[in-house]
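>>> Need coordinates for the below:
(2 chains)
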Amino acid sequence: MLSLNNIEVVYDNVILVLKGVSIAVEAGKITTLLGANGAGKTTTLKAISGVLRTERGEVTKGNIEFDGKRIDGMRPFDIAKIGLVQVFEGRRVFEHLTTEENLIAGGHVVAQASKVREGIERVYSYFPRLKERRTQQSGYLSGGEQQMLAIGRALMSSPRIILLDEPSLGLAPMLTEEIFGIVQQLRDKEKLTVLLVEQNATLALEVADHGYVMENGRIVLEGDAEKLRQNSDIKEFYLGLNEVGTRKSYRDVKHYKRRKRWL
Amino acid sequence: MDFDFTFFALLMTNGVLIGLMYSLIALGFVLVYKATDAINFAQGEFVMMAGYLAVLGAFGVNFWLGLIVSVLGMAAFGFVLERVMLRPLIGRPVVAVIMATIGLAAVLRGIWPMLVGVDTYNITLPISDEPIELGPLLLQPVQLFGAGVALAFLAGFTWFFLKSRMGVAMRAVADNQQVAMAMGINVERYFALAWAMAGLVAALGGVVWSSMLGVDTHLALIGLKVFPVVILGGLDSIVGAIVGGLIIGVVESVAAGYLDPYVGGGTKDFAPYVLMILVLMFKPYGIFGKRKIERV
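Here you go, the predicted structure:
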């Protein structure tokens, strides 16, 4: 459904951030993109949604296809119109607007006012807590509510795929699980396709169908989520378990530092 | 000294009417600030230009034709200005935009006298200039007309921003451009719309004010007079523009009425600024301005 073919991204004409990334996202599946800070995950998402250009970044090589149509070089609001929406890292709700106004703004591409109304009710059915807060200024919502609002707002344009950037950031584990559960529901009920970027690899691999691991602007590993969970390197470096599957102790680390085998 | 109630009431009504007319000009600042987060320092010059267009558009013959020329001309001017001057500055610091508007102000103040000379032109409203008697008070029809137009437009724009989907989208753009873009909102189009609306209210303000003051380059000074109004009310609040306008109008009028006899005049011009500074000490975002939200 969505495929990145060997893309390179350069910021400010000099800084090479993505060095040939290829990703395929299957329709109706949750695909996750894992990696440490600075690996280029967010840049990848921004390249897809087109907002890269507002940060003086550019896709210099390769191409991005959505439903067989090239979307690299398209303007971000046109990309949103054809059914691809990004949920930004750190929630980024329109702080001075109320919850409901945020949703209305999210449904901007929908032509009919009655469809917007329906969309709002649909979002409330997935996130009942937002309904309680409908007239409250969204800047004063709690972190979890803001994350729900950010996802709900993205759903307003009835996208076929959403790019979720670190929905767990700064949230309590229970809330994170709740939100991930809803994302799974959206996949199952609405046939929504999701590209999920996460640092919390354990959780991401639990909900995802397929996964990629990124490092230094390259994809270093890919496979089914199940397979990745079993991979000993992933276990060691992302899930914090050693070979036997027990929690790692600091003493072992000092003695022996395992080398990543894909480098 | 006895308290002369009639005199006080006269100062108050005068202040209120003038204040509403200030609000109309202030609305121009608010519209641009709401959508683009930048202050248009050329708003006073917009008003001056609108006055010239209203006079010259109809060659001084027909008021209504002049009004239409002015409204359409200013809306188009705002729209084109955004394309030519401001769009290249998108993504640059806000200061760049502000400097550009200051430059634009100087250019407009220079070009119009060059084109049409330095004479003062007059606009006559198609209403009688007989003062209307209201008990002991005499009201100027021009001022009543101006205040009425101001109220109608302030109400209209309030509705637009709170209830219409376009208005909500415009506020979303002001809140976060990048996210708005990712939600499918054509940010550039909304900037253009905001500037066109600023042109439109400048046209109305221009016609109203120039029918009182006449049209020449001094009309541009109205921008400076309205500045304390917007700061006082909060730069992004329409209600703030109304309240700020009323306060400044009344303060000006009352200060002029009671203090001028003692100090020999001129209090009208600085009293609003004194008030502005005092208010900013206690409410740095103005009375109704949106405050930065910080969650703890």
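
>>> And the closest residue to A:A208 other than its chain neighbours, how far from chain B?
Spatially, and ignoring its direct neighbours in sequence, A:A208 is nearest to A:T32 (3.9 Å; C-beta to C-beta, 6 or more residues apart in numbering or on different chains). C-beta coordinates here come from the backbone N, C-alpha and C atoms, glycine included. Separation of A:T32 from chain B (C-beta to the nearest C-beta, to the nearest Å): 20 Å.

>>> I'd say A:T32 and A:V213 touch.
No. Between A:T32 and A:V213 there is no contact under C-beta atoms under 8 Å: 9.4 Å.

>>> now check stretch A:149-169, is it near chain B?
Yes. Using C-beta under 8 Å from any C-beta of the partner chain, stretch A:149-169 reaches chain B at A:153-154, A:156-157.

>>> so how far does that stretch reach from one end to the other?
14 Å (C-alpha to C-alpha, to the nearest Å).

>>> So for that stretch, mean pLDDT?
For stretch A:149-169, mean pLDDT rounds to 93.

>>> likewise stretch B:127-136?
76.

>>> Just the residues of stretch A:149-169 next to chain B: which are in helices?
A:153-154 (DSSP state H).

>>> Tell me the spacing between B:G167 and chain A.
10 Å.

>>> And for that residue, the neighbour number?
As a burial measure, B:G167 scores 18 neighbours (other C-beta atoms under 10 Å in any protein chain shown).

>>> Can you give me the neighbour number for B:A9?
Neighbours of B:A9 using other C-beta under 10 Å come to 14.

>>> residues from chain A in reach of chain B?
Residues of chain A lying near chain B (C-beta under 8 Å from any C-beta): A:49-51, A:54, A:56, A:75-77, A:80-81, A:85-86, A:88, A:92, A:94-97, A:101-102, A:104-106, A:108-109, A:113, A:116, A:137, A:139-140, A:143, A:153-154, A:156-157.

>>> Can I have the buried ones of those residues as a ChimeraX selection?
Remark: buried members of these, expressed as a ChimeraX selection using 16 or more other C-beta atoms under 10 Å in any protein chain shown:
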select /A:49,50,51,54,76,77,80,81,85,86,88,92,94,95,96,97,101,102,104,105,106,108,109,116,137,139,153,154,156,157
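
>>> What segments of the chain are helices?
Using chain A. Under DSSP H, chain A gives helices at A:41-49, A:76-81, A:99-106, A:113-126, A:128-132, A:143-155, A:173-190, A:201-207, A:225-230, A:232-237, A:250-255.

>>> you looked at the wrong chain, it should be chain B
Using DSSP H, helices in chain B cover B:5-36, B:43-57, B:63-81, B:94-116, B:141-163, B:165-175, B:177-182, B:187-213, B:222-233, B:238-258, B:260-263, B:267-282.

>>> Of those, which stretch is the most buried?
Mean neighbours per residue, mean count of other C-beta atoms under 10 Å in any protein chain shown, is largest over the helices of chain B for helix B:43-57, with a mean of 27.

>>> so what's the residue nearest to A:A208 up against?
A:195-198, A:204-205, A:207-208, A:210-212, A:225 (C-beta atoms under 8 Å, 6 or more residues apart in numbering or on different chains).

>>> Next, format the helices of chain B as JSON lines and append mean pLDDT.
As requested, these are exported to JSON lines (pLDDT from 0 to 100):
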{"stretch": "helix B:5-36", "mean pLDDT": "88"}
{"stretch": "helix B:43-57", "mean pLDDT": "89"}
{"stretch": "helix B:63-81", "mean pLDDT": "89"}
{"stretch": "helix B:94-116", "mean pLDDT": "90"}
{"stretch": "helix B:141-163", "mean pLDDT": "88"}
{"stretch": "helix B:165-175", "mean pLDDT": "90"}
{"stretch": "helix B:177-182", "mean pLDDT": "90"}
{"stretch": "helix B:187-213", "mean pLDDT": "89"}
{"stretch": "helix B:222-233", "mean pLDDT": "87"}
{"stretch": "helix B:238-258", "mean pLDDT": "89"}
{"stretch": "helix B:260-263", "mean pLDDT": "83"}
{"stretch": "helix B:267-282", "mean pLDDT": "85"}
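
>>> Distance to A:L18 added to the ones you listed, as TSV?
What follows is these, written out as TSV (distance: least, C-beta to C-beta, whole Å):
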stretch	distance to A:L18
helix B:5-36	32
helix B:43-57	44
helix B:63-81	38
helix B:94-116	30
helix B:141-163	40
helix B:165-175	29
helix B:177-182	19
helix B:187-213	25
helix B:222-233	45
helix B:238-258	45
helix B:260-263	69
helix B:267-282	47
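
>>> quick one: which of those is nearest A:A24?
Proximity to A:A24 (C-beta to C-beta) singles out helix B:177-182 among these, at 22.2 Å.

>>> Quick one: list the elements packing against the closest one.
helix A:76-81, helix B:165-175, helix B:187-213 (3 or more C-beta pairs under 8 Å, 6 or more residues apart in numbering or on different chains; DSSP states H and E).

>>> Now tabulate the ones you listed in JSON lines and tack on distance to B:G44.
Formatted as JSON lines, the helices and strands packed on helix B:177-182 follow (distance: least, C-beta to C-beta, whole Å):
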{"stretch": "helix A:76-81", "distance to B:G44": "34"}
{"stretch": "helix B:165-175", "distance to B:G44": "23"}
{"stretch": "helix B:187-213", "distance to B:G44": "9"}
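
>>> who wins for proximity to B:V71 among those helices?
helix B:187-213 (4.4 Å).

>>> Show me how far that closest one is from its chain's centre.
The chain centre lies 8 Å from the centre of helix B:187-213; the measure is C-alpha atoms, centre = their mean, to the nearest Å.

>>> And for stretch A:143-157?
How far stretch A:143-157 lies from its chain's middle: 13 Å, per C-alpha atoms, centre = their mean.

>>> what do you get for stretch A:3-10?
Distance, centroid of stretch A:3-10 to centroid of chain: 17 Å (C-alpha atoms, centre = their mean).

>>> can you list the residues that contact it?
A:16-25, A:40, A:43-44, A:47-48, A:52, A:57-65, A:72.

>>> Drop anything exposed from the residues you listed.
Judged by 16+ other C-beta under 10 Å, buried ones among the contacts of stretch A:3-10: A:17-18, A:21, A:23, A:25, A:40, A:43-44, A:47-48, A:52, A:57-59, A:62, A:64, A:72.
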